[in-house]
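> Dropping the sequence and predicted coords here.
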Amino acid sequence: MVEKYIISNNLYRNNLDKQEINNFIKQNLDEKRYIHSINVSNIAVKLAKVYNINEEKAEIAALLHDNAKNLSSEDIFKYIKDYKIQLNEIDLKSPQILHSFVGAYIAKQI
């Protein structure tokens, strides 16, 4: 389960409050992606209620899920190199998903 992975790897820690996280994504995403992330977080909270999981964690994870989406390919590969992110052949053939690996590391730093 995704939540178990996030918890066991200490991803999406809540060192910043929700307003600071909101400001971070607003500064780092274009308007369309920012609105998308807000909408995803609203749905995540509703689903968390239905499935009786921590609503705040679901909201924060959803807010941060695309935090690296607007990075250039050059920046994505720089982060991959800097963070020593291990990619397999399938990952490398799917550049549209590489932001998710980088985004997890960025979220971990927040």
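Thanks, I have it. Numbering: from 1, shown residues only.

> List the residues that contact the closest residue to Ile85 other than its chain neighbours.
Spatially, and ignoring its direct neighbours in sequence, Ile85 is nearest to Phe101 (5.0 Å; Cβ to Cβ, 6 or more residues apart in numbering). No exception for glycine: its C-beta is placed from N, CA and C like everyone else's. Applying Cβ atoms under 8 Å, 6 or more residues apart in numbering to Phe101 gives the contacts Ile80, Ile85, Leu87, Asp91.

> ditto for Glu55
Contacts of Glu55 by Cβ under 8 Å, 6+ apart are Val45, Ala48, Lys49.

> Out of these, which end up buried?
Buried residues within those, defined by neighbour count using 16 or more other Cβ atoms under 10 Å: Ala48.

> What about the contacts of Glu55, which are in strands?
Among the contacts of Glu55, no member is found in strands (DSSP state E).

> Looking at the contacts of Glu55, spot the one nearest Asn70.
Nearest to Asn70, judged by Cβ to Cβ, of the contacts of Glu55 is Val45 at 23.6 Å.

> Pretty sure that closest one sits against Lys57.
No - using Cβ atoms under 8 Å, Val45 is not in contact with Lys57, being 10.2 Å away.

> Please spell out the ChimeraX selection for the buried subset of the contacts of Phe101.
Burial among the contacts of Phe101 is assessed by 16+ other Cβ under 10 Å; the matching ChimeraX selection reads:
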select :80,85
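
> Any idea which of the contacts of Phe101 the model trusts least?
Comparing pLDDT over the contacts of Phe101, the lowest score belongs to Asp91 (90).

> Measure how far the helix or strand harbouring it is from the centre of its chain, please.
Assigned by DSSP states H and E, Asp91 belongs to helix 89-92. Put simply, helix 89-92 sits 20 Å off its chain's centre (Cα atoms, centre = their mean, to the nearest Å).

> Skip ahead from it and say which helix or strand is next.
helix 98-109.

> Could I get the average pLDDT for that next one?
For helix 98-109, the per-residue pLDDT averages 90.

> swap in stretch 46-55?
97.

> Restrict that stretch to CA atoms and write it as PDB.
Extracted in PDB, the C-alpha atoms of stretch 46-55 (Å, rounded to 0.1, in the frame of the first residue of the first chain):
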ATOM      1  CA  LYS A  46     -12.500  12.900   1.300                       C
ATOM      2  CA  LEU A  47     -11.000   9.500   0.600                       C
ATOM      3  CA  ALA A  48      -9.100   9.500   3.900                       C
ATOM      4  CA  LYS A  49     -12.400  10.000   5.700                       C
ATOM      5  CA  VAL A  50     -14.000   7.200   3.800                       C
ATOM      6  CA  TYR A  51     -11.100   4.800   4.500                       C
ATOM      7  CA  ASN A  52     -10.400   6.000   8.000                       C
ATOM      8  CA  ILE A  53      -6.800   7.100   7.500                       C
ATOM      9  CA  ASN A  54      -5.000  10.200   8.600                       C
ATOM     10  CA  GLU A  55      -6.600  13.100   6.800                       C
END
